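Asker: mind looking at a prediction? Sequence and model below.
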Amino acid sequence: MRALANVLALTIWLGASATALAQQPVNKETVEIGLSTDTIAITSGFRGTDLTVFGALDNADPLIQRQGRYDVVVILQGPERDFVVRRKDRFFGIWVNMESVTFQHIPASYSLASTRSLQDITTPKVFAQLGLGVNNIFYEPTPDGFESSAALKEFSTELPRLKLKQKLYSQRMGDVQFLSSTLFRATLSLPANVPVGKHVARAYLFRNGEFLRESTTSLNIVKAGLEFRIYRAANQHSLLYGLFAVFLAVITGWMGRLVFRKD
Amino acid sequence: MMGLGFALGIYLPIAEISVNIFVLFGMGAAVGFLSGMFGVGGGFLITPLLIFYNIPPAVAVATGANQVIASSFSGALTHFRRGTLDLKLGSLLVIGGIVGAGVGIYVFVLLRELGQLDLIVSLLYVVFLSTVGGLMLYESVQSMRRTRAGQLATLKKPGQHNWVHRLPFKMRFRQSKIYVSIIPVLVLGGAIGFLSSIMGVGGGFIMVPAMIYLLKVPTNVVIGTSLYQIVFVTAFTTVMQATTNQSVDIVLALLLMSGGVIGAQYGARIGQKLRGEQLRALLAMLVLAVGLRLAIELFVTPDDLYSISLALTTGAS
């Protein structure tokens, strides 16, 4: 069977007032994003896909719009988990995990799409304040760590690099496109190893480099299929699962004997 | 593009990677063939091969133990029926084994939390594979020389007593016709249990020579008693791994086991027909090659010095 991610057809929040109120004074712009479903079920053979999010920009100033000075950044952030980053060093010629730093409440996945490259949208300071972008997520080390501040800095720059390498974090510049004066489409990455749980989608609206407002919606990612049921059994009923594994092995060994009996 | 590759692919729910069914089935069959031919459990080959195939070491070890049950169960049953199994001695070994496996699981969890599990598993394999492979190669070359010189290949006679027989708490084992202290029996069982939980092996390759040379158990009951202990200890290890680490992958185990039982049948038939020494030398070289490959990986500079993993919560889950 083919693995399939439920392809999302997404509700378009086209405000009925979009065109009528275009004459309104500036600073009343709103941004909305919507998902047609609140749950995506992915089967075990899932190899990653693109998630398309549609959104609407209402009450836009036509002049600024013509100049292309509206920017939208859309992110999809996975559930928060604690992660350990380790560094290997040589120890008698062998590579051994030596120093490590544990980080708390780190989004397990983070996918970003923007109208333009981030430095063209606004200043790094604004992004830092918003905590927007792979390098601006707050990487909080465990409070009881003995690590020096230099080590903390080093490991907190390695964390997003490793996440990007695993494709769990991604930033796609130019993948938010305006389809009309009000409608935009953001294409985000759902990697093959996307974590299950509650994901938050958030759209940030900028005008001339100034952050205006954001809009949030959530999405639940669940896994389906036999393999996932096995996974769940292993975690929720681990004793029964272990006994079943033993039983299966005994039966397999015994069957082999029956099938291949010589006499 | 997806046609053939996808048809053969299967997703392992616990290892969380997609693998080729036939590679794993073939791996099980090849190791089963060797184990049938040489009368070894095969766990010590399966686990490193799984690691080479990018199965996470924690899953490879736990699933390796599960797989060993299948390859040992029918053998143990045969020996039980023939009466070539010392239940009393075997049960004492099982008691030691369960204690050892319990300690092993505790160490396993600790190493996993410290991020050193993969390293320790590799190191243990390098030590054991190179020792066992080296000894086997030496023994088979010696035996080939003797055959060439026209002499009969004879095993060293396990007649005389050694230090083991001076230990206290002696017990009589009628089936094995030995009178020996229970201390070395429990210690041996415990050591095998420990290795079973950390390395995912049955431990027959250590148990059999130890029983012959240390405990002076007659060779006719050694294999049966060893298999009896292996079945119970690996079963215990499997359940413990499943409950503490959730690292037993039954889909992976099933693929390996079904390949294994089939391979073992053919291996056993061919093993009876072929000359022993050359085959043992070949197996020894294979074991050494696997050990060498693992050893090289320890020294080669990794592609990425940094790694990231989920932080494991300390204590019971």
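Answerer: Perfect, thanks for sending it.
Asker: now do the residue in the stretch 51-200 of chain A that chain B sits nearest to: how many residues are near it, please.
Answerer: Here the residue of the stretch 51-200 of chain A nearest chain B is residue A:82; by CB to the nearest CB that distance is 3.8 Å. From N, CA and C alone the C-beta is placed, and that goes for glycine too. Residue A:82 has 16 neighbouring residues, counting by other CB atoms under 10 Å in any protein chain shown.
Asker: does chain A have contacts with stretch B:45-54?
Answerer: No - legend: contact between stretch B:45-54 and chain A by CB under 8 Å from any CB of the partner chain is lacking; minimum distance shown is 12.8 Å.
Asker: convert the C-alpha atoms of that stretch to PDB, please.
Answerer: Provided in PDB are the C-alpha atoms of stretch B:45-54 (Å, rounded to 0.1, in the frame of the first residue of the first chain):
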ATOM      1  CA  LEU B  45      26.600 -12.000  14.500                       C
ATOM      2  CA  ILE B  46      23.000 -10.700  14.200                       C
ATOM      3  CA  THR B  47      23.500  -7.700  16.500                       C
ATOM      4  CA  PRO B  48      26.600  -6.200  14.800                       C
ATOM      5  CA  LEU B  49      25.000  -6.900  11.400                       C
ATOM      6  CA  LEU B  50      21.900  -5.000  12.400                       C
ATOM      7  CA  ILE B  51      24.100  -2.100  13.700                       C
ATOM      8  CA  PHE B  52      25.800  -2.000  10.300                       C
ATOM      9  CA  TYR B  53      22.400  -1.800   8.700                       C
ATOM     10  CA  ASN B  54      21.700   1.400  10.700                       C
END
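Asker: now that stretch: buried residues?
Answerer: Within stretch B:45-54, the residues scored as buried using 16 or more other CB atoms under 10 Å in any protein chain shown are B:45-51.
Asker: of those residues, the lowest pLDDT goes to which?
Answerer: The member of those with the lowest pLDDT is residue B:45, at 87.
Asker: quick one: contacts for residue A:89?
Answerer: Residue A:89 sits next to A:95-96, A:98-99, B:305 when contact means CB atoms under 8 Å, 6 or more residues apart in numbering or on different chains.
Asker: count of neighbours near the residue of the stretch 101-250 of chain A found nearest chain B?
Answerer: Ranked by CB to the nearest CB, the top residue of the stretch 101-250 of chain A for proximity to chain B is residue A:242, at 2.9 Å. Using other CB under 10 Å, residue A:242 has 26 neighbouring residues.
Asker: excluding its backbone neighbours, what's nearest it?
Answerer: Closest residue to residue A:242 apart from its sequence neighbours, by CB to CB, 6 or more residues apart in numbering or on different chains: residue B:242 at 2.9 Å.
Asker: which of the three states applies to the one you found?
Answerer: Under DSSP: H, G, I helix; E, B strand; the rest coil, residue B:242 falls in the helix class.
Asker: that one contacts residue B:63, correct?
Answerer: No - taking CB atoms under 8 Å as the definition, residue B:242 is not a contact partner of residue B:63, at 10.2 Å.
Asker: of these two, who's got more company?
Answerer: For residue B:242 versus residue B:63, neighbours defined as other CB under 10 Å are more numerous around residue B:63 (32 against 27).
Asker: and the pLDDT at the more buried one?
Answerer: Confidence at residue B:63, expressed as pLDDT, is 94.
Asker: now swap in residue B:164 and tell me
Answerer: Residue B:164 is assigned a predicted lDDT (pLDDT) of 72.
Asker: now do residue A:143
Answerer: pLDDT at residue A:143 comes out at 65.
Asker: try residue A:225
Answerer: With respect to pLDDT, residue A:225 scores 82.
Asker: how many neighbouring residues does it have?
Answerer: Counted with other CB under 10 Å, the neighbours of residue A:225 add up to 18.
Asker: any idea what the residue lying closest to it once chain neighbours are set aside is bridged to?
Answerer: Leaving aside its sequence neighbours, residue A:225 sits nearest to residue A:43 (CB to CB, 6+ apart; 4.3 Å). Residue A:43 has these beta-bridge partners by DSSP bridges: residue A:224.
Asker: so where's the stretch 201-317 of chain B shaky on pLDDT?
Answerer: By pLDDT under 70, the low-scoring segments of the stretch 201-317 of chain B are B:275-276, B:313-317.
Asker: can we see that at 90?
Answerer: For the stretch 201-317 of chain B, the stretches with pLDDT under 90 are B:201-227, B:260-287, B:297-298, B:300-305, B:307-317.
Asker: and for the stretch 151-263 of chain A?
Answerer: Low-confidence segments of the stretch 151-263 of chain A (pLDDT under 90): A:151-157, A:166, A:174, A:180-182, A:189-197, A:207-210, A:213, A:221-232, A:235, A:253-263.
Asker: nearest to chain A among the buried residues of stretch B:45-54?
Answerer: residue B:46 (12.8 Å).
Asker: returning to that earlier point: any shared contact partners between residue B:242 and residue B:63?
Answerer: In contact with both residue B:242 and residue B:63: residue B:248, using CB under 8 Å, 6+ apart.
Asker: can you tell me the SS state at residue B:144?
Answerer: Classification of residue B:144 by three-state DSSP places it in helix.
Asker: is it true that it touches residue B:278?
Answerer: Yes - shown here, residue B:144 and residue B:278 form a contact pair, counting by CB under 8 Å, at 7.2 Å.
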